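[1] Sequence and predicted structure below; questions after.
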Amino acid sequence: MNKEHGGRKAQLLRWLGKTDVEWGHDPGQLDLATLVSTAEWMGKLYGQKGWFDLTVKGWEHLPPAPGLFVSNHSGGTTIPDVWGLLYAWVTRHGTSRIVHPLAHDMIFAHPKLGELAAKVGVLRANPRNGRRVLEEWRRDLFVCPGGDKDTWRPWKDRYKVRFSGRRGYAKLALLTGTPVVPVANAGAHETLVVLTDGARIARTLRFPQLFRAEVFPVHLSVPWGLAVGPWPHLPMPAHLRYQIGPAISVGAAQDDPSDADIEALDHAVQAAIQKCLDQLRAEHPDVGERARRVYRVARRSMHVLTRRPKS
């Protein structure tokens, strides 16, 4: 674990999350009944009749378990993107194929939230937990390497992959010989408007040491209006779209992957996710793009209508 942003220096998170049960360290804490009941409750929020419309394409690309599913991250602290994919996964697979998302320690700082997260399969994001899921339990693993820096990227970058040099997932895939499945999501960033990630503010306030957080964002969101800080928000309705890309094979497990191999895999995965994001953007242009398209069509139409006929 990275010493600068690992458990040793996240003093406040350890204090806040101190309970009799250490949630999020053991895949065995998953409770199938809780997983199913949570998915049923989430059905009130996600789907055609819910708060969030939901579309997932590319299920045919899933390799045999275990697979390492790697995605961009969107939507602020409320993370509607992760919950939406988890709901879609359980709706499709039930309990026959389990996926374990890795999450920031902040999720487990509140005992009740940490317990619920652990019982639906969420684990603390660290290499040990990832290897246990893939090698011991032979289950799928879902990670968002960009973490807080990705989920709080500015509005203008909502269709850009932003892993910020975090390649631990690539090393994990090479160590375990697990195929990487690129997943792109779009729409969750439309539940608020992130103006800036506030990375400089976070460093000044020593957030990396206290919370393992590298951002202190400024955003427009409900109910705050203009908010400063990673406050949870009430997400505005949005169409959450996911595109699962073809799996990227990594070959046999390596005892000590080279930096070059890690970098090459990271580059390939980010390129695959960006390609899927570009596709999602082309299929669902935002308001500004639609307005510009209407303007261009109207301008061409006016040109045709006002063009003088040849004599």
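    Arrived safely.

[2] Please count neighbours and contacts with C-alpha atoms only from this point.
    OK.

[3] Please go through the protein and pick out the longest helix.
    helix 259-283 (DSSP state H).

[4] now for that one, which elements pack on it?
    Helix 259-283 sits against helix 168-176, strand 180-186, strand 238-244, with contacts defined as 3 or more C-alpha pairs under 8 Å, 6 or more residues apart in numbering; DSSP states H and E.

[5] Could you export these to JSON lines, including columns for mean neighbour count?
    Formatted as JSON lines, the helices and strands packed on helix 259-283 follow (neighbours: other C-alpha atoms under 10 Å):
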{"stretch": "helix 168-176", "mean neighbour count": "21"}
{"stretch": "strand 180-186", "mean neighbour count": "27"}
{"stretch": "strand 238-244", "mean neighbour count": "22"}
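
[6] Including mean pLDDT and distance to His267, could the ones you listed go into a markdown table?
    As requested, those are arranged in a markdown table below (pLDDT from 0 to 100; distance: least, C-alpha to C-alpha, whole Å):
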| stretch | mean pLDDT | distance to His267 |
| --- | --- | --- |
| helix 168-176 | 98 | 10 |
| strand 180-186 | 98 | 12 |
| strand 238-244 | 96 | 17 |
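
[7] Quick one: closest of those to Lys160.
    Set against Lys160 and scored by C-alpha to C-alpha, the helices and strands packed on helix 259-283 come closest in strand 180-186, at 10.0 Å.

[8] Just list what that closest one packs against, helices and strands only.
    Applying 3+ C-alpha pairs under 8 Å, 6+ apart, one finds that strand 180-186 makes contact with strand 68-71, strand 238-244, helix 259-283.

[9] Run a quick neighbour tally on Lys156.
    Neighbour count for Lys156, taken as other C-alpha atoms under 10 Å: 11.

[10] Over to Lys112?
    Neighbours of Lys112 (other C-alpha under 10 Å): 12.

[11] repeat for Thr196
    Around Thr196 there are 17 residues (other C-alpha under 10 Å).

[12] Residues in a beta bridge with it, which ones?
    Counting by DSSP bridges, Thr196 is bridged to Val218.

[13] and stretch 77-84, which residues are buried?
    Counting neighbours by 16 or more other C-alpha atoms under 10 Å, one finds that the buried residues in stretch 77-84 are 78-82, 84.

[14] Just the residues you listed: which are in strands?
    Using DSSP state E, no member of these falls in strands.

[15] What residue, apart from its backbone neighbours, is nearest the residue minimising distance to the centre of the chain spatially?
    In the chain, the centroid-proximal residue (C-alpha atoms, centre = their mean) is His73; its distance is 3.0 Å. Counting by C-alpha to C-alpha, 6 or more residues apart in numbering, the nearest residue to His73 once its immediate chain neighbours are dropped is Thr151, at 4.8 Å.

[16] For the one you found, give me its contacts.
    72-77, 79, 189 (C-alpha atoms under 8 Å, 6 or more residues apart in numbering).

[17] Equivalent analysis for Val36, please.
    Neighbours of Val36 in contact, by C-alpha under 8 Å, 6+ apart: 90, 94-95.

[18] part of a helix, is Ala39?
    Yes - read with DSSP: H, G, I helix; E, B strand; the rest coil, Ala39 is one of the residues of a helix.

[19] gap between it and Leu68?
    From Ala39 over to Leu68 the distance is 22 Å, taken as C-alpha to C-alpha, to the nearest Å.

[20] And those two? Which one has more around it.
    Comparing Ala39 with Leu68 by other C-alpha under 10 Å, the one with more neighbours is Leu68, at 30 against 22.
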